[in-house]
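Novice: Sequence first, then the predicted structure:
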Number of protein chains: 2
Amino acid sequence: MTTATSIFAPVERDLSTLIDNLTSLVEAQHPILGAAAEHLFSAGGKRIRPAIVLLVSRATIKGKDLTHKHRRLAEITEMIHTASLVHDDVVDEAELRRQVATVNSLFGNRVAVLAGDFLFAQSSWYLANLDNLQVVKLLSEVIRDFAEGEIQQGLSCFDTDVTLETYLQKSYFKTASLIANSAKAAAILSGETETFANQIYSYGRNLGLAFQIVDDIIDFTSSTEVLGKPAGSDLATGNLTAPVLYAMAEKPALSMLIEREFSEDGDLEQALSLINDSDGIQKARDLAFHHSQLALKDLQCLSPSLATDSLAELTSYVVNRIK
Amino acid sequence: MTTATSIFAPVERDLSTLIDNLTSLVEAQHPILGAAAEHLFSAGGKRIRPAIVLLVSRATIKGKDLTHKHRRLAEITEMIHTASLVHDDVVDEAELRRQVATVNSLFGNRVAVLAGDFLFAQSSWYLANLDNLQVVKLLSEVIRDFAEGEIQQGLSCFDTDVTLETYLQKSYFKTASLIANSAKAAAILSGETETFANQIYSYGRNLGLAFQIVDDIIDFTSSTEVLGKPAGSDLATGNLTAPVLYAMAEKPALSMLIEREFSEDGDLEQALSLINDSDGIQKARDLAFHHSQLALKDLQCLSPSLATDSLAELTSYVVNRIK
C-alpha cells in the first residue's frame, strides 16, 4: 500500500526542516511549552497539510527553489492545524489523539489553552509578515472557519434534521478550508493568476472533503486499537456524519435512537448494527470517491512534475485509507 | 470624582453602537454563544480600549466623521481584549470577574474556549479586511504579546529574582501592547506619519503601564467586595507585582515567605503586613504617576479638541482610581 511518506518524497527534506523549525520556535521561547512542543509536533502526524502547501509550491515555481515565504506558509499551516487540535482536545476533554496522550491530559487545560493561543498568535504574526494581504485574508478565513465548524458541530449534536449539505459545510469548515485556502495561498505566492489559484483551491476543497468523509467512515470501521477510542465514538457524542445520514434515510428506527440520545441500554449498539446493515458506509465511500475524482480533475492546470504526481497520488491515497 | 463614562463623552454614542454591533455579531451567528455574548459585552467593562481608539480617531481626523475602518478597528480592539479575558479565566479557573460570574463558570470550559477562539478568529478576519498591512502587523503583534505575557506570568510564579524591568515587560505584554498598538493603528488609519503615530503609540504604552501598575496596587488596597476576590490574590498565586518587588528590597523576610510559596500557616498574612509596613505601595504609585505623566507629554503632537482633552484626562483618571 502506498504510504503518505512515500507520496511526500519530493518534499521530504522540506517537511523535516519545517518540523525542526516549529519545535525549536516553541522550545526556545517557552520552557513550559517546550515539553508540549516536542509532543505537539512529533506525535505521529502525517503532515498532510504542510506537505500539500510544499507540493503546490514546488509544482508552481517550476524547478526554482522554494522561497522563504513558501516555507513560512507551510509552517503557518501546520501551526494553525496544531493549535486547533490542541483546543479541540480541551473542548472535547479528549485523552488520546492518534493513540498518543493529548496535551491537556498530560499538561492540563492551562498549558493546552496557552499552547493553542501561542500557536494561533505566532501564526497570525508570521502571516502578517508575509507582506501579502491576499494571503492574510485567505488564512484568516481558515481561522474563522475552524471556530465556525467547532461551534456548528456543538449546535447540531443529535440533531436528526441535519442534511448532507450541512454536514459537508461543517466538514469544509473543520478540514477542507485549511487545505483549500493554504494551497491557494501557495499558488498566489508563486505569482499564479486568480483563476489558476482558484483551481488549486478547488483541489484542496475536494481533497479535504474526501479526507474528512473517509475519517468519518474509519470511525465506524476501525478497531479501538487503531482509533485509540471505541468505534462509533462520533455517533455516541451525537456527531452525525455521512454514514449515519445515509443510514437514517434507509432505517427510520435509527433516527429514533439518536433522538433519544441513546438513553436506553443497548441503544448505541443497536444504532451501530442498523448502520452496518445499511448502505450508509458504502454511500459515504462513494461520496468520498466522487470528491477525490473532482480533486484529480482540478489538477489539470498544473504542468507535469514530481510534485504534481504526488498531488495526484494523494487523491487516491486519501480514499484508499479505508480498508 | 471623574468617571470613565464622563471622560468618554465625545465617543459615548460610538461606544454604544460598538457594543450593540459586537453583541449582535455573536448572537446572530451562534445561538450557543449568544447567551455568553450578552454576558461578554455587557459585564460592566469600562470599554477603555475601544474608547481610546475612538478618541485617537476623532482627535486625528479633525472634525471629519469617523470612517468605517476606524469603527471596525475599535471593535477589533474590544474583541481581542474580550477573547483574552475569556481564555485567561479558563486558564486561571476564575469564577468571578468584575464581581460578575465568568463565562467558564456559567457555561463551562467548552463554551469559554470556543467563544474566545471565535472572537480571536473573527477579529483576525475583520483585521485582514481593513486592507492595511501595517495595521494587520500592529494588531497581530498584540495577539502574540498576549500569549507571551500569559506564558511569562506562568513561568515567573513565586520567582523572587524577577526584576522591575521584567515586571514592566510582562505588563506591557498583558495590557499596554493592545492600548499602544491599537492607538497607533488609529493614527495610521487617519493618514498620520510614522513619527506622529509613534508618539501615539508611546501615549498608549505609558497609559497602559500606569493602568496595569494601578490595577496591581488595587489588588492590595481594595476590599473583597470591590475586587470580587480577596485582597492580595495576585501575591497568593505567586504573581509578583510592583508593590511586592519594591517591598522585597526593603524587607528580606518577604522573599523568604514567597520562596516557600506561603506553605506555612499565616505566611500570606505575614507577607501582606510586611508589604503594608513598607513603602512598596507608595513607590508603585509613584511609578504609575511617572508613566501617566509621560503619557500626558506624548499628547503634545495632537491639536486641541474635545477628544484630545479626554485623552489627557484619562492620564489622571487612570492613577486616581486608587483611593
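Specialist: Everything's here; your move. Numbering: from 1, shown residues only, chains lettered A, B, ... in the order given.
Novice: Now do the helices in the stretch 151-300 of chain A.
Specialist: Counting by DSSP state H, counting those that start in this stretch, one finds helices in the stretch 151-300 of chain A at the ranges A:164-171, A:177-189, A:194-221, A:224-227, A:233-236, A:242-250, A:252-259, A:267-277, A:280-298.
Novice: tell me the average confidence for the fourth one?
Specialist: By that I understand helix A:224-227. For helix A:224-227, the mean pLDDT works out to 69.
Novice: And chain B, is the helix or strand where residue A:114 lies touching that?
Specialist: In this structure, residue A:114 sits in helix A:103-128 according to DSSP states H and E. Yes: contact of helix A:103-128 with chain B (CB under 8 Å from any CB of the partner chain) involves A:109-110, A:113-114, A:117-118, A:120-122, A:124-125, A:127-128. For the C-beta atoms, the positions are set from N, CA and C on the backbone; glycine is no exception.
Novice: Among the helices of the stretch 151-300 of chain A, single out whichever gets nearest to residue B:311.
Specialist: The minimum distance between residue B:311 and these falls on helix A:177-189, with 39.3 Å, by CB to CB.
Novice: what angle sits between that closest one and helix A:164-171?
Specialist: Interaxial angle, helix A:177-189 versus helix A:164-171 (axes from the mean of the first three to the mean of the last three CA atoms, to 10 degrees): 60 degrees.
Novice: any idea how far the residue lying closest to residue A:105 once chain neighbours are set aside lies from residue A:224?
Specialist: In space, and not counting its chain neighbours, residue A:105 is closest to residue A:95: 4.4 Å by CB to CB, 6 or more residues apart in numbering or on different chains. Distance, residue A:95 to residue A:224, by CB to CB, to the nearest Å: 13 Å.
Novice: With neighbour numbers in mind, choose between the two.
Specialist: Legend: neighbour count by other CB atoms under 10 Å in any protein chain shown for residue A:95 and residue A:224, higher for residue A:95 (13 against 10).
Novice: Give me the phi and psi for that one.
Specialist: Main-chain dihedrals, residue A:95, degrees, to the nearest 10: phi -100, psi -20.
Novice: circling back to that earlier point, ok, the residue nearest to residue A:105 - contacts?
Specialist: The neighbours of residue A:95, taking CB atoms under 8 Å, 6 or more residues apart in numbering or on different chains as the test, are A:101-102, A:105.
Novice: Which positions in the stretch 1-150 of chain A make contact with chain B?
Specialist: So the stretch 1-150 of chain A meets chain B at A:29-33, A:87, A:90-91, A:109-110, A:113-114, A:117-118, A:120-122, A:124-125, A:127-129, A:131, A:133, A:136-137, A:140-141, A:143-144, A:146-148, A:150 (CB under 8 Å from any CB).
Novice: repeat that for 6 Å
Specialist: Counting by CB under 6 Å from any CB of the partner chain, the residues of the stretch 1-150 of chain A close to chain B are A:30, A:32, A:87, A:90-91, A:110, A:113-114, A:117-118, A:121, A:124-125, A:128, A:133, A:136-137, A:140, A:143-144, A:147, A:150.
Novice: Buried subset of those, written for PyMOL?
Specialist: The buried residues among those can be selected in PyMOL (16 or more other CB atoms under 10 Å in any protein chain shown) with this line:
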select buried, chain A and resi 30+32+87+90+91+110+113+114+117+118+121+124+125+128+133+136+137+140+143+144+147+150
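Novice: Please tabulate the contacts of residue A:95 in TSV and include distance to residue B:216 and neighbour count as additional columns.
Specialist: Shown next, in TSV, are the contacts of residue A:95 (distance: CB to CB, whole Å; neighbours: other CB atoms under 10 Å in any protein chain shown):
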residue	distance to residue B:216	neighbour count
A:101	37	16
A:102	35	22
A:105	34	17
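Novice: got the residues you listed as CSV, with pLDDT columns?
Specialist: Listed next are the contacts of residue A:95 as CSV, based on pLDDT from 0 to 100:
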residue, pLDDT
A:101, 80
A:102, 82
A:105, 80
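Novice: ok, so of those, who is nearest residue B:220?
Specialist: residue A:105 (37.0 Å).
Novice: Surely residue A:41 touches residue A:20?
Specialist: No: the pair residue A:41 / residue A:20 is not scored as a contact, 8.9 Å apart, by CB atoms under 6 Å.
Novice: neighbour count winner among the two?
Specialist: A count of neighbours by other CB under 10 Å puts residue A:41 above the other of residue A:41 and residue A:20, at 22 against 11.
Novice: who touches that one in this structure?
Specialist: Going by CB atoms under 6 Å, 6 or more residues apart in numbering or on different chains, residue A:41 touches A:19, A:22-23.
Novice: now swap in residue A:54 and tell me
Specialist: The contact partners of residue A:54, by CB under 6 Å, 6+ apart, come to A:11, A:14, A:74.
Novice: and the second one, what element?
Specialist: When elements are assigned from DSSP H and E, residue A:14 belongs to helix A:12-29.
Novice: What is the burial count for whatever residue of the stretch 151-300 of chain A ends up closest to chain B?
Specialist: In the stretch 151-300 of chain A, the residue that lies nearest chain B is residue A:151 (5.3 Å; CB to the nearest CB). Residues within reach of residue A:151, counting by other CB under 10 Å, total 22.
Novice: Over to residue A:40?
Specialist: Based on other CB under 10 Å, the number of other residues close to residue A:40 is 24.
Novice: Same question for residue A:27.
Specialist: Residues lying near residue A:27 (other CB under 10 Å) number 16.
Novice: Please name the nearest non-neighbouring residue to it.
Specialist: Leaving aside its chain neighbours, residue A:27 sits nearest to residue A:34 (4.2 Å; criterion: CB to CB, 6+ apart).
Novice: again, but for residue A:313
Specialist: Once flanking residues are discounted, residue A:313 sits nearest to residue A:7: 4.9 Å by CB to CB, 6+ apart.
Novice: pLDDT value on the residue of the stretch 151-300 of chain A closest to chain B, please?
Specialist: We have a pLDDT of 79 for residue A:151.
Novice: again, but for residue A:44
Specialist: 60.
Novice: The one 5 residues further on now?
Specialist: The confidence metric pLDDT takes the value 95 at residue A:49.
Novice: residue contacts, it?
Specialist: Counted by CB under 6 Å, 6+ apart, residue A:49 has contacts A:77, A:81.
Novice: wait, doesn't residue A:272 sit right on residue A:232?
Specialist: Yes: with contact defined as CB under 6 Å, residue A:272 and residue A:232 form a contacting pair (5.0 Å).
Novice: if we can go back for a sec, how much does the helix holding residue A:114 deviate in direction from helix A:177-189?
Specialist: Using the same axes, to 10 degrees: helix A:103-128 against helix A:177-189 is 30 degrees.
Novice: Between helix A:12-29 and helix A:103-128, find me the angle.
Specialist: Going by the same axes, to 10 degrees, helix A:103-128 makes 100 degrees with helix A:12-29.
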